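Student: sequence isn't available, so here's the structure alone:
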């Protein structure tokens, strides 16, 4: 019964939490604290703080932790699946729909509109990262990291995971 409760506790915020993890946090809190009583508000706040301190989507980190606390490893897997299931199902359905109509003029027009918007959003995100790095670390450190990253990825074809680990190591040693 606990696994069904875990599944429902994280499926419902996943379905109605439009806007991703930050939008679904109050819904998860309602389920975990008020509805099922697995945690107090203080404990939930600590889990939220821990989830915010780690990289990646916050809702999945919280689901994994809370699921583990309530139902062990299986509970963690159930809560994680319930969190990602709505998005996963919608992505598969929409992708199959787009693939079916990929030659349609409307889908081609949609792609022509969406791709530049995504590029602009990624550019804005990159600018924000550079801006934050400049004020946190300094101009020369930011330029060094940017040039080194570009060379590692484009010239020497190093896998992005190794570049990220290297960047984290560099930051931990030199930028603390």
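Tutor: Arrived safely. Because the structure is a prediction, the values reported are computed rather than measured. Numbering: from 1, shown residues only.
Student: which helices and strands sit right next to the helix or strand hosting residue 113?
Tutor: Element membership of residue 113 [criterion: DSSP states H and E] is helix 105-137. Packing partners of helix 105-137 (3 or more Cβ pairs under 8 Å, 6 or more residues apart in numbering; DSSP states H and E): helix 139-150. C-beta here means a position set from N, CA and C on the backbone, and glycine is covered the same way.
Student: other SSEs contacting the following helix or strand past the helix it packs on?
Tutor: Counting by DSSP H and E, the next helix or strand C-terminal to helix 139-150 is helix 160-174. Helix 160-174 sits against helix 139-150, with contacts defined as 3+ Cβ pairs under 8 Å, 6+ apart.
Student: check the offset of the helix it packs on from the chain's centre.
Tutor: 25 Å (Cα atoms, centre = their mean, to the nearest Å).
Student: heads up, I number from 625, so please use that
Tutor: From this message on, residue numbering opens at 625, which makes the last subject helix 763-774.
Student: report the angle between that helix and helix 729-761.
Tutor: For helix 763-774 against helix 729-761, the angle by axes from the mean of the first three to the mean of the last three Cα atoms, to 10 degrees is 140 degrees.
Student: any idea how far the residue most central in space within the chain lies from residue 649?
Tutor: In the chain, the centroid-proximal residue (Cα atoms, centre = their mean) is residue 681; its distance is 2.7 Å. Distance, residue 681 to residue 649, using Cβ to Cβ, to the nearest Å: 11 Å.
Student: likewise residue 642?
Tutor: Taken as Cβ to Cβ, the span from residue 642 to residue 649 is 13 Å.
Student: same check, this time on residue 634
Tutor: 12 Å.
Student: with residue 689 instead?
Tutor: From residue 689 to residue 649 the distance is 13 Å (Cβ to Cβ).
Student: who has more neighbours out of the two?
Tutor: When residue 689 is set against residue 649 and neighbours are counted by other Cβ atoms under 10 Å, the residue ahead is residue 649, at 19 against 16.
Student: quick revisit: and the helix holding residue 737 with helix 784-798, angle?
Tutor: 20 degrees.
Student: buried residues in stretch 702-720?
Tutor: For stretch 702-720, the neighbour count (16 or more other Cβ atoms under 10 Å) marks 702-708, 710 as buried.
Student: which residues does that stretch contact?
Tutor: 627, 630-635, 637-639, 683-684, 687-688, 690-691, 694-695 (Cβ atoms under 8 Å, 6 or more residues apart in numbering).
Student: quick one, which of these are buried?
Tutor: 627, 630-631, 633-635, 637-639, 683-684, 687-688, 690-691, 694-695.
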